[in-house]
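1. below: sequence and its predicted model.
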Number of protein chains: 4
Amino acid sequence: MKGSTATLLISCPDQTGLVAKIANFIYSNGGNIIHADQHTDFSADLFLMRVEWQLDGFNLPRDMIAPAFTAIAKPLKATWSVHFSDFVPKIAIWVTKQDHCLLDLLWRQHAKEFNAEIPLIISNHTDLYRVANQFGVEFYHTPVNHDNKIQQEARQLELLREYKIDLVVLAKYMQVLTPDFINFFPNIINIHHSFLPAFAGANPYGRAYDRGVKIIGATAHYITADLDEGPIIEQDVVRVSHRDNVADLIRKGKDLERVVLARAVRLHLQNRILVYGNKTVVFA
Amino acid sequence: MKGSTATLLISCPDQTGLVAKIANFIYSNGGNIIHADQHTDFSADLFLMRVEWQLDGFNLPRDMIAPAFTAIAKPLKATWSVHFSDFVPKIAIWVTKQDHCLLDLLWRQHAKEFNAEIPLIISNHTDLYRVANQFGVEFYHTPVNHDNKIQQEARQLELLREYKIDLVVLAKYMQVLTPDFINFFPNIINIHHSFLPAFAGANPYGRAYDRGVKIIGATAHYITADLDEGPIIEQDVVRVSHRDNVADLIRKGKDLERVVLARAVRLHLQNRILVYGNKTVVFA
Amino acid sequence: MKGSTATLLISCPDQTGLVAKIANFIYSNGGNIIHADQHTDFSADLFLMRVEWQLDGFNLPRDMIAPAFTAIAKPLKATWSVHFSDFVPKIAIWVTKQDHCLLDLLWRQHAKEFNAEIPLIISNHTDLYRVANQFGVEFYHTPVNHDNKIQQEARQLELLREYKIDLVVLAKYMQVLTPDFINFFPNIINIHHSFLPAFAGANPYGRAYDRGVKIIGATAHYITADLDEGPIIEQDVVRVSHRDNVADLIRKGKDLERVVLARAVRLHLQNRILVYGNKTVVFA
Amino acid sequence: MKGSTATLLISCPDQTGLVAKIANFIYSNGGNIIHADQHTDFSADLFLMRVEWQLDGFNLPRDMIAPAFTAIAKPLKATWSVHFSDFVPKIAIWVTKQDHCLLDLLWRQHAKEFNAEIPLIISNHTDLYRVANQFGVEFYHTPVNHDNKIQQEARQLELLREYKIDLVVLAKYMQVLTPDFINFFPNIINIHHSFLPAFAGANPYGRAYDRGVKIIGATAHYITADLDEGPIIEQDVVRVSHRDNVADLIRKGKDLERVVLARAVRLHLQNRILVYGNKTVVFA
């Protein structure tokens, strides 16, 4: 077993010596690196890196790591964060009426595929109260409509604070969030039921059927103010044929949606994703 | 071995007894069916079928099949066609500068994967003359520009007639055809270097890179007057990552393009595709 | 909507007129075919067909269909069966300790992806009693060991009879059934956690890891007396890399196992599978 | 543009400070790292890394890099190699009668997908002399049989030396090499026409057909003395159905074989593969 680890995610303008500086910081404090993966985006002249090391034998106390690394990062004009593998993030799952992604996420959490707790489910409908209850998760009904969205979002934000939520997962939450909300709470993963950018917006399966595509897809992405335009984390596809009507596309799509969303959540929880511009680097 | 076969492709408004009528027509003339596949599109109330039978033992002379079947098809308001497996269609391949699809198609024709001849290559550039020459295929240079497209298309149509071409394959032909041309010669398969409807139009790989997608695709479709909007025959995809720059997407895409285009051409040559509305039924 | 349908699955030595005879039988009794798919295996000289028609308007009473069709089938030396879409088969799920396939099947049954009831769960362990209880399904513990397998199988057979079970699904049941049992109750689908025939037998993920494969798979098949050698219904695969240890293979494999098993069960319930020799024809 | 680069591939027993030591070596000599990827195999307690840096600005002359790095590597008990991106390796392609992999490799080399020269083709038959001639590559006929294998291999080794070959690619070479040969020249990539370890040995497509699998595959691996047991570099798969006979499997398999082999050759040429035990780490 590898014990608890720290993970550094960092991006900065490319220059000579970055890997050495980062590795030396860890080595000089007695850390053993167990995963290092680096990428240079030449078109953006950007250095991006994920490095994970064992805390066992690391001489720097946890609360000193960030201050100590700041001294290195500042002259590099770096954007960075440090994460500890024994920290258990809290997820709020937002749903509307469909249960497949919710059930899948809850099942994976139970199966210990996610290093996370799921203390909170928020929905604009009450249909999935029963599922929340069955799994012993708190369920809040925030019936959003055109007129009350601002007030409901205030309530939703309050809940996120109250439950100390680190990550919101929109597991088929069929409402658009306001830019203000996203600004306050930017850590949001959404599953879109199409192979983006194809069929962004509403009713992707109906439109895929009408277009006669031979493959359908699903896309997990971070939410930004532009609907369905946020940084893509993961996508996958499945073949369809003329025999598949819209209901078949929806059924096949559900299998995609839950696995694509689960992969994205897992990558996020393992601190394997670096966002820059409107893109992700996934150190998988 | 199964010997020569006839294949009937038929679509008509759905009603009782269609399979029986078609099967009886074949059986009563001594034909042995070796492939029958039928689909009902309930939303369009449409019956679609492909049936293939051995000509060995079939009592109706070939030139009598169409007239005889007309008597059955007319009251059904059917659209239909009959094809013979020992007829060898003639393909014209249209290219611009990229050779990968052209080489692939020529190689497959040599390897007898296609039941077809390829007597003609047309290009708006001269770069691929060498390839045509190497394979002993006639090459015509029709340098299309904004001003001469109508005249060049007249020349191109003339070549298709002269060489008795049955199918045009746009194997990375980077020019739009006029609606008039498509009207005159509708049997055209194109390969588009994206997963349609994503990235229709120009520069799909550059746009896929900018969007940060995790999967790219290619689409083979019949050409219609609406650019990149014709009935889709086949699609396939490949994973990409942050490590892939635009050149990598182009390289990976080439492998997709050639295999997707080849599959579509083969399906067409085997008379496995029925077009209706803007969709295809592929009896694969 | 298409209403209730009847489905005929038939195989017999190939000869002229088979499609016509079958279609005429349906047409002459007023049935409208909504799906017909036929395959000829030339190496076995075998005709295989699935045909589905609407019972609405079909003049033959249900209990007369089999006797009436016998007159046609007997001279053809055909093996055949007729199934009705409004018949709801009963499934018994057999498990050991792993819950992912069980939960998935139960979820799909709730989501109406399966036209089936699941009244019975049998296990050689008690771990999944809680799941059965939660879904309101009867759970029987039959603790099989080397000494009592015959007696336990007698008890298991009794349960299948008592619950009028039509299909047994081995959803990660880690015990081998005796040939006698399979003889008595042949309708059994198993999920094997490898891409058969690779890694047949025990510990496939460990062996896949040791071999350093770049792709792992899962296989759903009918059970025969030869372990892991029965007719394959469905397979699928997922990429792995050097970063994946055995636990990762198991985790990724679970996602495969449940989707592959679910597809196989659904194909079976829709009467889309014809078994001949040690193979299946899947009229999907 | 990134200019010429050096790539270090290294593996050694895991210990603290390895990334720092390697990165410092490069940084202290003025090198800018453009790709660093590291893996720890905990079950083998092994550290494995690929690091690539720009030679532009690197102060150490090329011929001094290996001696200088030896001082670092020796106390680590490391296995390592350094490669330069502007070195153009020489490939010998070995074939029997099938041309699809050969043509594909030659086409990719022309398309500059490979940073390599292909000066030599060796075959135990003469069928592909024409292809070699067409591409201007030297072709040697070494008609191996049971009695003369030792002598022919001596001749083959001589050719590899004469042409200064760095890599042998068995592009459907249907002969087994002796352990002695492999010992003398270990840098050999083979394409096997199955999803190993399924259908190792002869006639994999016929056996896949008989087994009724729903997916077929191809595997590129390094050759070792154990037939089809060498370290796997890359695999891929394609769906098949009951409609596909053995000839169809062969045809579909060809598309797999050429793309899987090409990917493996490209990964090798980019020095992205580390072999340890009977496995590969592919730093893709």
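-> Looks like it came in fine. Numbering: from 1, shown residues only, chains lettered A, B, ... in the order given.
2. look up how far chain B lies from the nearest residue to residue A:81 once chain neighbours are set aside.
-> Using CB to CB, 6 or more residues apart in numbering or on different chains and skipping residues adjacent in sequence, the residue nearest residue A:81 is residue A:9, 5.3 Å away. Yep, even glycine has a C-beta here, placed from its N, CA and C like the rest. Distance of residue A:9 to chain B, given as CB to the nearest CB, to the nearest Å: 13 Å.
3. what are the bridge partners for residue A:9, then?
-> residue A:50, residue A:81 (DSSP bridges).
4. ok, how many other residues are close to it?
-> 21 (other CB atoms under 10 Å in any protein chain shown).
5. isn't it up against residue A:78?
-> No - counting by CB atoms under 8 Å, residue A:9 stays clear of residue A:78, with 10.2 Å between them.
6. before we move on, back to that, ok, the residue nearest to residue A:81 - contacts?
-> A:49-50, A:80-81, A:83, A:271, A:274 (CB atoms under 8 Å, 6 or more residues apart in numbering or on different chains).
7. between those residues, which has the most around it?
-> If you count neighbours using other CB under 10 Å, the busiest of the contacts of residue A:9 is residue A:49, which has 25 neighbours.
8. now that one: closest residue in space, sequence neighbours ignored.
-> The shortest distance from residue A:49 to any non-neighbouring residue, by CB to CB, 6+ apart, is to residue A:38 (4.4 Å).
9. does chain C sit close to the longest helix seen in chain A?
-> Of all the segments of type helix in chain A, defined by DSSP state H, the longest one is helix A:246-269. Yes - residues of helix A:246-269 are located near chain C by CB under 8 Å from any CB of the partner chain, namely A:251, A:255, A:259.
10. pLDDT and distance to residue A:65 for those residues - can I get that in JSON lines?
-> Shown next, in JSON lines, are these (pLDDT from 0 to 100; distance: CB to CB, whole Å):
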{"residue": "A:251", "pLDDT": "97", "distance to residue A:65": "48"}
{"residue": "A:255", "pLDDT": "97", "distance to residue A:65": "41"}
{"residue": "A:259", "pLDDT": "98", "distance to residue A:65": "35"}
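11. from these, which would you call buried?
-> Buried members of the residues of helix A:246-269 next to chain C, scored by 16 or more other CB atoms under 10 Å in any protein chain shown, are A:251, A:255, A:259.
12. excluding chain neighbours, what is closest to the second one?
-> Distance criterion CB to CB, 6+ apart; nearest residue to residue A:255, sequence neighbours excluded, is residue C:259 at 5.7 Å.
13. contacting residues around the one you found?
-> If a contact means CB under 8 Å, 6+ apart, then residue C:259 has A:255, A:259, C:104, C:236 as its contacts.
14. enumerate the residues of the stretch 101-250 of chain A near chain C.
-> Within the stretch 101-250 of chain A, the positions near chain C by CB under 8 Å from any CB are A:103, A:107, A:111, A:113, A:134, A:243.
15. list just the nearest of those to chain B.
-> residue A:243 (6.5 Å; CB to the nearest CB).
16. count the neighbours of the closest one for me.
-> For residue A:243, the count of nearby residues is 14 (other CB under 10 Å).
17. repeat that for residue A:143.
-> 10.
18. and it, what is it in contact with?
-> Contacts for residue A:143 (CB under 8 Å, 6+ apart) come out as A:124-125, A:152.
19. tell me the pLDDT of it.
-> Here, the pLDDT recorded for residue A:143 equals 96.
20. separation between it and residue C:235?
-> 45 Å (CB to CB, to the nearest Å).
21. ok, residue A:12 next?
-> 46 Å.
22. out of the two, which sits in the busier spot?
-> The neighbour count for residue A:12 versus residue C:235, taken as other CB under 10 Å, is higher for residue C:235 (24 against 17).
23. where do the helices sit along the stretch 1-150 of chain A?
-> Secondary structure of the stretch 1-150 of chain A, counting by DSSP state H, counting those that start in this stretch: helices at A:18-28, A:62-73, A:100-110, A:129-134, A:149-162.
24. compute the inter-axis angle for the third one and helix A:246-269.
-> Read it as helix A:100-110. Per axes from the mean of the first three to the mean of the last three CA atoms, to 10 degrees, the angle that helix A:100-110 makes with helix A:246-269 is 40 degrees.
25. what residues sit buried inside helix A:100-110?
-> For helix A:100-110, by 16+ other CB under 10 Å, it's A:100-109.
26. ok, back up a step: give the contact list for the residue nearest to residue A:49.
-> Contact analysis of residue A:38 by CB under 8 Å, 6+ apart lists A:19, A:47-50, D:33, D:35-37.
27. what's the pLDDT at it?
-> The model's pLDDT for residue A:38 equals 96.
28. that one and residue C:244, how far apart?
-> Distance check for residue A:38 against residue C:244: by CB to CB, it reads 21 Å.
29. now do residue A:246
-> Residue A:246 sits 36 Å away from residue C:244, going by CB to CB.
30. more neighbours, those two?
-> Between residue A:246 and residue C:244, counted using other CB under 10 Å, the more crowded position is residue C:244 (19 against 15).
31. settle this for me: the more buried one is touching residue C:252, isn't it.
-> Yes - Residue C:244 lies in contact with residue C:252 (CB under 8 Å); the separation is 6.9 Å.
32. which parts of chain A sit against chain D?
-> Within chain A, the positions adjacent to chain D are A:2, A:14-21, A:23-24, A:26-28, A:30-40, A:42, A:49, A:51, A:57, A:239 by CB under 8 Å from any CB.
33. out of those residues, which end up buried?
-> The neighbour count (16+ other CB under 10 Å) marks A:14, A:16-21, A:23-24, A:26-27, A:30-40, A:49, A:51 as buried among these.
34. contacting residues for residue A:198?
-> Contacts of residue A:198 by CB under 8 Å, 6+ apart are A:204, A:208, A:213, A:217, B:195-198.
35. so which bits of chain A are right by chain B?
-> A:39, A:41-43, A:195-199, A:211-215, A:217, A:231-237, A:241-243, A:245, A:278-282.
36. inside helices: which ones of those residues?
-> Per DSSP H, the residues of chain A next to chain B map to helices at residue A:211.
37. could you find the closest non-adjacent residue to residue A:66?
-> In this structure, residue A:66 finds its nearest non-sequential neighbour in residue A:82, 5.8 Å apart by CB to CB, 6+ apart.
38. isn't that neighbour up against residue A:64?
-> No - between residue A:82 and residue A:64 there is no contact under CB under 8 Å: 10.9 Å.
39. more neighbours, the two?
-> In this view residue A:82 and residue A:64 are compared by other CB under 10 Å, and residue A:82 has more residues nearby, 14 against 11.
40. from the buried ones among the residues of helix A:246-269 next to chain C, which is closest to chain B?
-> The nearest member of those to chain B, counting by CB to the nearest CB, is residue A:259 at 13.6 Å.
41. distance of the closest one from residue B:85?
-> When distance is defined by CB to CB, residue A:259 is 42 Å away from residue B:85.
42. and for residue A:102?
-> Distance, residue A:102 to residue B:85, using CB to CB: 53 Å.
43. low-confidence ranges, chain A, go.
-> A:1-2 (pLDDT under 70).
44. domain-wise, how is it divided?
-> Domain assignment for chain A by automatic domain parsing gives A:5-84, A:90-282.
45. what's the end-to-end length of the shortest one?
-> I take that to be domain A:5-84. Domain A:5-84 has an end-to-end distance of 6 Å (criterion: CA to CA, to the nearest Å).
46. now that domain, how far from the chain's geometric center?
-> Offset of domain A:5-84 from its chain centre (CA atoms, centre = their mean, to the nearest Å): 21 Å.
47. over to the longest one?
-> Counting by CA atoms, centre = their mean, domain A:90-282 is centred 9 Å from the centre of its parent chain.
48. ends of that domain, how far apart?
-> End residues of domain A:90-282 are separated by 21 Å (CA to CA).
49. show me the contacts for the one residue in the stretch 101-250 of chain A that gets nearest to chain D.
-> At 8.0 Å from chain D, residue A:239 is the closest residue in the stretch 101-250 of chain A, using CB to the nearest CB. Residues near residue A:239 by CB under 8 Å, 6+ apart: A:214-215, D:239.
50. at 6 Å instead, please
-> Neighbouring residues of residue A:239 by CB atoms under 6 Å, 6 or more residues apart in numbering or on different chains: residue A:215.
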